[in-house]
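Chemist: Fold the following for me, if possible:
(one chain, ligands or ions: 2)
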Amino acid sequence: MKPLVLTDIEGTTSSISFVKDVLFPYARQALPDFIARNGHDPHVRPLLDQVAAECGGICQDAMIAETLQGWIDEDRKHTALKALQGMIWAAGYRDGDFKADIYPDVAPALREWHAAGIPLAVYSSGSVPAQKLLFSHTQVGDLTPLFCHYFDTEVGHKRVGDSYRLIADKLDRAPESVYFLSDVVEELDAAREAGMQTVLLDRLEDYPQPRSADACHGHTRVTSFAEIALG
Ligand SMILES: CSCCC(=O)C(=O)COP(=O)(O)O
Ligand SMILES: [Mg+2]
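Modeler: Ligands and ions are numbered 1, 2, ... in the order given. Next up, the predicted model:
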């Protein structure tokens, strides 16, 4: 059976600065107005109510917006926040305010693997709609035709082994046949615990200090998709 590639986004396919300096500030700034305009939308209200309930029942939308802005500043990977961010980014992509930044080695490798019949999937803390938006608006065009599956924190958090077991299950795959690519060692540890093969992307543009052997925790370390060898 051919291997399947499961990739993270931030720090793996796309620069950390694109997420931290473009996407997050855009959502932070747009949140209050987005909530004022869409707070009664049946796709939006339950997400806001979830945030309110988790914060002791705060009831004013302005306070919910402030809470969410605080969560963006803390880089919380909260499922409701991620869903709202995805809805906000849709306008930014649509209006051409930004394009998704993909590291130059990523699209050639994805195309090569896809052409070789290797299935490709995404697992990111960003919501599935946000993942699809990102890959359909890259500076090298629409990459979504290359991917067959997308997973977000609806399957669980990325530092928890059970999330990877569930993904393998949903893919109808033995975990050993899945290569998980990420820049975060704790995510790779969880994927390995679930039986997946792991590759640490050590993006020197984003992490100027190369990771030592100790810091790699035994995961295969590469600095580019071009170095990845799939067994
Ligand atoms: C779907 S793109 C936005 C990325 C994002 O919101 C995020 O939190 C990045 O998480 P990742 O799991 O891709 O490192
Ligand atoms: Mg990452």
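
Chemist: For the rest of this, base every contact and every neighbour count on C-alpha atoms.
Modeler: OK.

Chemist: can you give me the helices for this structure?
Modeler: Listed in chain order, the helices of the chain (DSSP state H) span residues 16-17, 24-38, 45-54, 61-74, 79-94, 106-115, 128-136, 161-171, 185-193.

Chemist: Out of those helices, flag the one nearest Arg211.
Modeler: helix 185-193 (10.3 Å; CA to CA).

Chemist: could I get the helices of the chain as JSON lines with mean neighbour count and mean pLDDT?
Modeler: Formatted as JSON lines, the helices of the chain follow (neighbours: other CA atoms under 10 Å; pLDDT from 0 to 100):
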{"stretch": "helix 16-17", "mean neighbour count": "16", "mean pLDDT": "94"}
{"stretch": "helix 24-38", "mean neighbour count": "16", "mean pLDDT": "98"}
{"stretch": "helix 45-54", "mean neighbour count": "16", "mean pLDDT": "95"}
{"stretch": "helix 61-74", "mean neighbour count": "17", "mean pLDDT": "96"}
{"stretch": "helix 79-94", "mean neighbour count": "19", "mean pLDDT": "97"}
{"stretch": "helix 106-115", "mean neighbour count": "16", "mean pLDDT": "98"}
{"stretch": "helix 128-136", "mean neighbour count": "21", "mean pLDDT": "98"}
{"stretch": "helix 161-171", "mean neighbour count": "19", "mean pLDDT": "98"}
{"stretch": "helix 185-193", "mean neighbour count": "21", "mean pLDDT": "98"}
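
Chemist: would JSON lines of the ones you listed with distance to Leu146 be doable?
Modeler: Converted to JSON lines, those look like this (distance: least, CA to CA, whole Å):
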{"stretch": "helix 16-17", "distance to Leu146": "22"}
{"stretch": "helix 24-38", "distance to Leu146": "26"}
{"stretch": "helix 45-54", "distance to Leu146": "30"}
{"stretch": "helix 61-74", "distance to Leu146": "30"}
{"stretch": "helix 79-94", "distance to Leu146": "20"}
{"stretch": "helix 106-115", "distance to Leu146": "6"}
{"stretch": "helix 128-136", "distance to Leu146": "10"}
{"stretch": "helix 161-171", "distance to Leu146": "16"}
{"stretch": "helix 185-193", "distance to Leu146": "22"}
